[in-house]
Structures are given as C-alpha cells and as structure tokens.
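Chemist: Provide a 3D model corresponding to the input given below.
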Amino acid sequence: MLTLHESLPSIEKRLGYCFQDRSILIQAFVHRSFLNECQLSNLIANERLEFLGDAVLNLYVSAFLFARFPDRGEGPLSKQKAEAVCQTSCAVMMDHLALIDHLLVGKGEQTLHAKSRPSLASDLFEAIVGAIYVDGGWHAAEQFLSSHFDTHFSMIADSAPSNAKAELQELLAKQGKGLPEYRLQDTSGPPHDRLFRVAVFVAGQDLGEAIGKTKREAEQQAAAKALATLNAL
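Modeler: Have a look, this model is predicted:
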C-alpha cells in the first residue's frame, strides 16, 4: 500500500491530472482479488469506478465521432465507437499510460500474470476514467481523454472500412425515400483493365455517378457522392 501512496504524484503526472481527493485515485488501482487477500477495511475495489468510466468513455467517444464525421450515419458510427471502446482498444490506451504495474492484485492473480492480461488493463483504464470523472466532473474527464487519446480514436475511425452504400440506404430509410438503385452506365478499357461507370438513382432521380475498377467499387463511390449531395441539401 505504501508503494502506491508513494507513487501517486508520478501517477498524476502521467495522467496530466491532479486529484482533489487522492483516495479516489487509490480506489481505481485496487482489484477485488487484492481485497480478498489483504482484508483492509479502508479500501474499496475499483469495480464501481470501472462501471462509471465505461459510461463516460462511451459518451466521450460518441460525441467525438459525431462531431468529427458529420456525414456518417448511425450504423457506421456505432461500429466505430464499439471498436474505439472495446477491450483491446482500452488495453492499448492503458499501455500508453504505462501504469498497469501500480495495480494492486492478489497473489493468486500475480501468479497468473494478471497484469499482462488485456482484460485487467482495460478494466483499470475504465476505472481511471471513472475516478477522474468522480473527482473533477465531465470537464476533467473530457480533457484527460482529449489530451491523451484523440489521435488514437481518429486512427481507429479512419482505418475502419467505409460502407457508403449502407450509409446511403440508412439515410434514405430515415427520410422515407425508399431504396437506392444502382445502374451500370457503361464499361470501358481492355478486358484486363476494365472501368465501370455506375450511377445511383432514388425515385428516378440521379444522385451521383462514379467510375471504379469493379462494379462494387463504382457503386461505393457513387453512394458516397449521393451522400454528399443529400447532406448538402
């Protein structure tokens, strides 16, 4: 316990946040297995902070993606959010903070090399987010996540495969305009290097066309142009 107390200033420096109540920060680093073995009545396991931190993280990432990608629909945004807040992503963010060695775990967990498990790293990360929120409110949690991880969230969202056709269909369904229709306009080029020109229509109206090396690629590009047209209205 003394080691964790002594480490609090360096932990706060790494987080970029100074706690008004350091007991909340200590709680974030207490795993239930530690309490089961040490029986210290003045300590609380980090599970409640983990629960809260999960909700705070989901809200922050949702707002981040909503603002960064105004043309993306609910479906793609939901998939990107799920990827950004998943266990693997949280474990990566915990690795960035390099604070897992301060986690208090029982001897049984230490034997199992618990600190190398993504699940424990992920849980600790969420507990830290929850602790910052409890101590400093939404602004503090937002500043922490923004200063450390906006680039991480952007990379995940940018690398996620785009499905403009699905987004267009979702948008049209919400607007009650029916399904889009993709029409092959023409093909060109030699057999080994074909180009396909495709247009997308909604209720007989041409919303955009594009050229691709496959019909699927051309359809995706045409859907992206249709989305841009509809969102500009």
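
Chemist: Quick check: the gap between the residue nearest in space to the middle of the chain and residue 128.
Modeler: Central residue of the chain (Cα atoms, centre = their mean): residue 84, 1.9 Å from the mean position. Taking Cβ to Cβ, to the nearest Å as the measure, residue 84 falls 17 Å from residue 128. For the C-beta atoms, the positions are set from N, CA and C on the backbone; glycine is no exception.

Chemist: again, but for residue 72
Modeler: 29 Å.

Chemist: Residue 171 is in contact with residue 179, correct?
Modeler: No - the criterion here is Cβ atoms under 8 Å, and residue 179 misses it with residue 171 at 11.6 Å.

Chemist: looking at the chain, which residue ends up farthest from its center?
Modeler: Of all residues in the chain (Cα atoms, centre = their mean), residue 190 lies farthest out, 43.4 Å.

Chemist: what about this structure, any weak spots by pLDDT?
Modeler: Across the chain, the ranges flagged by pLDDT under 70 are 1-2, 39-41, 108-116, 159-162, 233.

Chemist: Domain boundaries for it, per the record?
Modeler: Following automatic domain parsing, one finds the domains of the chain at 2-159, 164-232.

Chemist: Distance from the helix ranked longest in the chain to the middle of the chain?
Modeler: Scanning the chain for the longest helix, with DSSP state H as the assignment, gives helix 118-159. Averaging C-alpha positions (Cα atoms, centre = their mean, to the nearest Å) puts helix 118-159 10 Å from its chain's average.

Chemist: again, but for stretch 96-105
Modeler: Using Cα atoms, centre = their mean, the offset of stretch 96-105 from its chain centre is 21 Å.
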